[in-house]
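S.K.: Here is my input, please return the structure:
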Amino acid sequence: MLSRPWFAMAPTFKDLQLTGVGGRDSGGGRDSLAIDVGGDLEDVRLLDSYEDAYENTDDSGKIRHGLQEGDMKRIQVKVTGMTCAACSNSVEGALMSLNGVISASVALLQHKADVVFDPNLVKEEDVKNAIEDAGFEAEILEEKSSCRTKPQGNLVGQFTIGGMTCAACVNSVEGIIRKLPGVKRATVALPTSLGEVEYDPLIISKEEIVNAIEDAGFDATFVQSSEQDKIILGVVGVSNELDAQTLEGILCKLKGVRQFGFNRVSRELDVLFDTQILGPRSLVDALVTESSGRFQMHVKNPYTRMVSQDEEESSKMYKLFSSSLFLSFPIFLMRFICPHIPLVYALLLWRCGPFQMGDWLSWILVTIIQFVIGKRFYIAAFRALRNGSTNMDVLVALGTTASYVYSVYALLYGAITGFWSPTYFETSAMLITFVLLGKYLESLAKGKTSDAIKKLVELVPATALLLLKDKEGKNVGEREIDALLIQPGDVLKVVPGAKVPVDGIVEWGSSHVNESMVTGESAPVLKEVESLVIGGTINFHGLLHVRATKIGSDTVLSQIISLVETAQMSKAPIQKFADYVASIFVPMVVGLSLMTLVGWYVSGRLGGYPEEWLPKNGNHFVFALMFSISVVVIACPCALGLATPTAVMVATGVGANNGVLIKGGDALERAQKVQYVIFDKTGTLTQGKATVTSLKVFTQMDRGHFLRLLASAEASSEHPLGKAIMEYARHFQFFEDPTAKKDDSNINMSAWLLDVSDFSAIPGRGVRCFIDGNQVLVGNRSLLTENGITIPSSVEEFVVDLEENAKTGILVACDTQLIGVVGVADPLKREAAVVVEGLKKMGIRPIMVTGDNWRTAKAVAKELDIDDIRAEVMPAGKADVIRSFQKDGSIVAMVGDGINDSPALAAADVGIAIGAGTDIAIEAADYVLMKNNLEDVITAIDLSRKTFARIRLNYVFAMAYNVISIPIAAGVFFPWIRLKLPPWVAGACMALSSVSVVCSSLLLRRYKKPRLTTILEITVE
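M.R.: A predicted model of the protein is given here:
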């Protein structure tokens, strides 16, 4: 049915049109509304460049919405009954035959026609009648419009997709979505039943994507998009049209609201808003206040909704299985147990009409199982066949239908001729029961693979304590609010034992915080004033006041969830093999089944095997049919389809729990093949905290004056070495207490420093400035020699000695004379040498790249036992170094800080950003290590190797299962060992095969990262 407009246009928005838009309700109709009030909107499509809306009422009194320019009008029509391209061509031809129709475009998948016509010559009713006269059903759709601005750029939307059973279904859905206009990319994950679609909202809306998926025979719902300024509210209090108008009026008056849509069935309100103008709590408070408490709002977490959908799927499968088991049990008893109980068996043999009582009961019970409980298999099989693909449901439907139809035929044939052949009703019933059992167990197991995301979602506390302040900033009370309504700048009270609600900065208090659930760091971290805290972490013993800095999708926890989700959506290249096999698997199995049927039947008729092999009262056809059905139902494409994605899901979750964030299955696959690991020196192998270790003056200048001159020159420098010199000067000149306030320290330093003019930083050299009219140079040898300053041999010897001890020598000159040298060291991380040795044990060659001089680089490499180094390399040159190792096809990993090393991380086959901390959105990296610990490099590679060892094992099992089971089911070994699998046993084997593959992947949950004490025990596999 059509969405009904339920409100008048707001008088204050002269260019704004408010219309009901389609959001599918549970009944398949459309019963939701969306309102656009400007901004970059997801739900809005502009037709051409028109922005002015119109209304006109037809003879029936219904309001139509569309776009017009002069005398032209444009509408969309829903067309039902089209099945192929010939149908869409027929509709287009019928529309174009109307005098006054300018253009007509029909979209087969969307079942829509877009018609532009002259309203003076053609009415909307004429368009509808023309389509109906062509033999199709037509319905005029209401046009969505917008005001002022239109969406820019692509959006990434997530959709839950129901009804997929194997890799063939995934391929079918991906193919359908990718063919839609405006879709740039589509990825579907079978284990999570999620689809991620990148699309242009100007060309296609999320509703049209949902419709296309549903038209293909699958269930689809929209979950969330890349819009970061969206909130989903559950609304209580909207009961009629007047309430809806009131809600619309309030939202239209709120500054910052860009668009909203209200679904009447689910009572959910989606609001897009500008976070620079309006916060989520302000929005909710305004809605409640302006309605005088008439409407109550509660925030809905999209991740929580996804978790509940997983539970609903398991619950649904359990109900189907238990119902089938309840009805199948009597059939099993009548077939195998009752013949041994004379009294009961006599009742079953009692003739009632043309059939015995037992036959009547079996027929009735199996019919319910076959066509009521087993309806899902027929629906899914029809969907697959309609889209030109095949899946496991086709096999189940084929096998059970063959068994059922033959049994009914045997009954009717016996009633007519008096020759009673055996029936196989129990085969159909027990087969469906076992398949449903397998599906239920599979849904439970697949739910376990996404435990990582569930645990991350559960880290977020439901509520937070907001400190209320007066105009002077004094605390006047506190208020408990929904954690999803926290706004930047809010000061929150975190009591001992409570979770930190969002990312923020400590304003008051001191405590230790457990960050292990987010960063993987087991030791509690001390948090004091100005310390950063991460949402979801646990406060131990102290009381903290935290000012919120990041909320919603900007928080570290949300980014981790998003990153893990994206990784689980991605496909490893090895999965292409499974997708290909799945696409040809079912036709091959059906072909083998027919060959089995014909082979056993023909050989039997020709006397190829003795009559004693036939079942009692059976014939050659029945004997061959049972083998054929067993072949159909024992083959399992699901195990192949689940082998890779389930393992990748578990691995990404395990990695996240250990502080190693993996960006996809392709990264996992490349990492397990790594041959070279290239380390950046500063901040990666070293601690990244340069300190002055020695200082020597080579003239008669006073040491204090030399330090003052040096600090004055470096005061404007942003280089880490310059900051190290400033820290040295601050400490040794003022002997400052580290706890002293920075403001006071800066005042003291500013008063002490000399005035500097013409300061300039020379990349790769140092700094140059003028102090009291004298030129001061602070830097390396190149800086001094380029300015004509000679370096005495005594100074050169001192600098060489520093460099040979892994220190950097900084030379200082005033005018034309070299006056002193400062030695700066960046200590190595304590685990660096062990990690380097561990990589060698794993068969990986470590390499160091640095912009430092060769002597210092060699000294550091000697300490770490690294044989291959590249020194004096600029940041842009590191990518060239990586490419030189890739020339022979080697897989190269780069470990860096993710900022200065971005070009190198992007150039490497596997980019590993270390020490990301709260900054995990590093685009160039394939792996993001939360902690600044080199051990996690070992963990990343070790986890990838174990994951792909598990994937290979899954494939071996899945392939071996089919290779061994299909010949057994076909009766290849029957002539020698009399091994025959009844179809229901074959069905049980098939159901358990996919479950076993998922359970195999779940074993990765037991992964333990290699410890520092055991790293050296790692050997090449």
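S.K.: And stretch 669-689, what's buried?
M.R.: 669-672, 674-688 (16 or more other Cβ atoms under 10 Å). Backbone N, C-alpha and C define where each C-beta goes, glycine included.
S.K.: what about that stretch, start to end distance?
M.R.: Chord length of stretch 669-689, first to last residue, is 34 Å (Cα to Cα, to the nearest Å).
S.K.: Stretch 113-131 too?
M.R.: 10 Å.
S.K.: Offset the numbering so it begins at 899, please.
M.R.: Renumbered: residue one is now 899, and that last one reads stretch 1011-1029.
S.K.: buried ones in it?
M.R.: So for stretch 1011-1029, counting by 16+ other Cβ under 10 Å, buried means 1011-1015, 1020, 1022, 1025-1026, 1028-1029.
S.K.: repeat for stretch 1135-1153
M.R.: For stretch 1135-1153, by 16+ other Cβ under 10 Å, it's 1135-1136, 1141-1142, 1144-1146, 1148-1150, 1152.
S.K.: can I get the buried residues of stretch 1011-1029 in CSV with secondary structure, distance to L1441 and pLDDT?
M.R.: CSV is the format used below for those (DSSP: H, G, I helix; E, B strand; the rest coil; distance: Cβ to Cβ, whole Å; pLDDT from 0 to 100):
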residue, secondary structure, distance to L1441, pLDDT
A1011, strand, 65, 78
D1012, strand, 62, 77
V1013, strand, 67, 85
V1014, strand, 67, 83
F1015, strand, 70, 86
V1020, coil, 73, 86
E1022, helix, 67, 85
V1025, helix, 69, 89
K1026, helix, 69, 88
A1028, helix, 74, 87
I1029, helix, 70, 85
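S.K.: one step back: now, which of the buried residues of stretch 1567-1587 lie within helices?
M.R.: In helices, judged by DSSP state H, the following of the buried residues of stretch 1567-1587 are found: 1567-1569.
S.K.: Including pLDDT and distance to A1769, could those residues go into TSV?
M.R.: Output for those, formatted as TSV (pLDDT from 0 to 100; distance: Cβ to Cβ, whole Å):
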residue	pLDDT	distance to A1769
E1567	88	33
R1568	90	27
A1569	91	27
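S.K.: which element is the residue of the chain positioned farthest from its centre on?
M.R.: Distance from the C-alpha centroid of the chain, by Cα atoms, centre = their mean, peaks at Q1598 (65.8 Å). For Q1598, there is no host helix or strand (DSSP states H and E).
S.K.: Where does pLDDT dip in the stretch 1399-1548 of the chain?
M.R.: Residue ranges of the stretch 1399-1548 of the chain with pLDDT under 70: 1417-1420, 1465-1469.
S.K.: With the stretch 1149-1298 of the chain instead?
M.R.: 1172-1175, 1199-1208, 1285.
S.K.: For it, just list every one of the helices.
M.R.: With helices called from DSSP state H, counting those that start in this stretch, the stretch 1149-1298 of the chain shows them at 1178-1188, 1200-1230, 1240-1247, 1255-1266, 1273-1284, 1290-1315.
S.K.: Determine which of those approaches K1738 most closely.
M.R.: helix 1200-1230 (41.8 Å; Cβ to Cβ).
S.K.: contacting residues around stretch 1583-1598?
M.R.: 1577, 1580, 1601, 1604-1605, 1618-1619, 1621-1623, 1625-1626, 1690, 1692-1693, 1696, 1700, 1705-1706, 1715-1727, 1730, 1746, 1758, 1762, 1795, 1813, 1830, 1832 (Cβ atoms under 8 Å, 6 or more residues apart in numbering).
S.K.: how about 6 Å then?
M.R.: Outside of stretch 1583-1598, the residues within contact range by Cβ atoms under 6 Å, 6 or more residues apart in numbering are 1577, 1601, 1604, 1618-1619, 1622, 1626, 1693, 1717-1727, 1730.
S.K.: hey, where'd the strands end up in the stretch 1499-1648 of the chain?
M.R.: Along the stretch 1499-1648 of the chain, the segments classed as strands by DSSP state E, counting those that start in this stretch run 1558-1560, 1574-1578, 1589-1595.
S.K.: For K1198, which of those strands is the nearest?
M.R.: Among the strands of the stretch 1499-1648 of the chain, strand 1558-1560 sits nearest to K1198 (Cβ to Cβ), with 26.2 Å.
S.K.: And the closest one, what does it pack against?
M.R.: Under the contact definition 3 or more Cβ pairs under 6 Å, 6 or more residues apart in numbering; DSSP states H and E, strand 1558-1560 sits against strand 1825-1827, helix 1833-1867.
S.K.: same thing but at 7 Å, please
M.R.: Counting contacts by 3 or more Cβ pairs under 7 Å, 6 or more residues apart in numbering; DSSP states H and E, strand 1558-1560 is packed against helix 1454-1467, helix 1536-1555, strand 1825-1827, helix 1833-1867.
S.K.: closest one to A1308 among those?
M.R.: Using Cβ to Cβ, the helices and strands packed on strand 1558-1560 put helix 1833-1867 closest to A1308, at 21.9 Å.
S.K.: what about K1785, neighbour count?
M.R.: K1785: 7 surrounding residues under other Cβ atoms under 10 Å.
S.K.: Got phi/psi on M1740?
M.R.: phi -80, psi 0 (degrees, to the nearest 10).
S.K.: Please enumerate residues in contact with stretch 1361-1368?
M.R.: For stretch 1361-1368, contacts defined as Cβ atoms under 7 Å, 6 or more residues apart in numbering pick out 1373-1381, 1384, 1388-1391, 1399, 1443.
S.K.: Is it possible to mark the buried ones in those residues?
M.R.: Judged by 16+ other Cβ under 10 Å, buried ones among the contacts of stretch 1361-1368: 1379-1381, 1384, 1388-1391, 1399, 1443.
S.K.: Now for the residue nearest to D1291 when sequence neighbours are not counted: which residues touch it?
M.R.: Nearest residue to D1291, sequence neighbours excluded (Cβ to Cβ, 6 or more residues apart in numbering): A1278, at 3.8 Å. Taking Cβ under 7 Å, 6+ apart as the criterion, A1278 is in contact with 1061, 1063, 1289, 1291.
S.K.: Could you rerun that using 8 Å?
M.R.: If you count contacts by Cβ under 8 Å, 6+ apart, then A1278 has 1061, 1063, 1067, 1115, 1289, 1291 around it.
S.K.: before we move on, what about G1061?
M.R.: 1067, 1115-1117, 1277-1278, 1281.
S.K.: So which of the residues you listed is the closest to C1534?
M.R.: Closest to C1534, out of all of the contacts of G1061 and judged by Cβ to Cβ, is C1067, at 14.1 Å.
S.K.: Average pLDDT for the strand or helix carrying that closest one, rounded please.
M.R.: Assigned by DSSP H and E, C1067 belongs to helix 1065-1076. Helix 1065-1076 carries an average pLDDT of 85.
S.K.: Next, the buried residues of the helix or strand following that helix.
M.R.: The C-terminal neighbour of helix 1065-1076 among helices and strands, as given by DSSP H and E, is strand 1081-1087. Buried residues in strand 1081-1087, counted by 16+ other Cβ under 10 Å: 1081, 1084-1087.
S.K.: Then stretch 1837-1853?
M.R.: Buried residues in stretch 1837-1853 (16+ other Cβ under 10 Å): 1837-1846, 1848-1849, 1851-1853.
S.K.: cool, and stretch 1542-1550?
M.R.: 1542-1550.
S.K.: How far off centre is it?
M.R.: 12 Å (Cα atoms, centre = their mean, to the nearest Å).
S.K.: could you dump that stretch to CSV, C-alpha only?
M.R.: Coordinates of each C-alpha in stretch 1542-1550 appear next as CSV, following Å, rounded to 0.1, in the frame of the first residue of the first chain:
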residue,chain,number,x,y,z
THR,A,1542,37.2,-19.1,5.6
PRO,A,1543,34.8,-16.5,6.9
THR,A,1544,34.2,-18.2,10.2
ALA,A,1545,38.0,-18.5,10.8
VAL,A,1546,38.6,-14.9,9.8
MET,A,1547,35.8,-13.7,12.1
VAL,A,1548,37.2,-15.6,15.1
ALA,A,1549,40.8,-14.4,14.3
THR,A,1550,39.8,-10.7,14.1
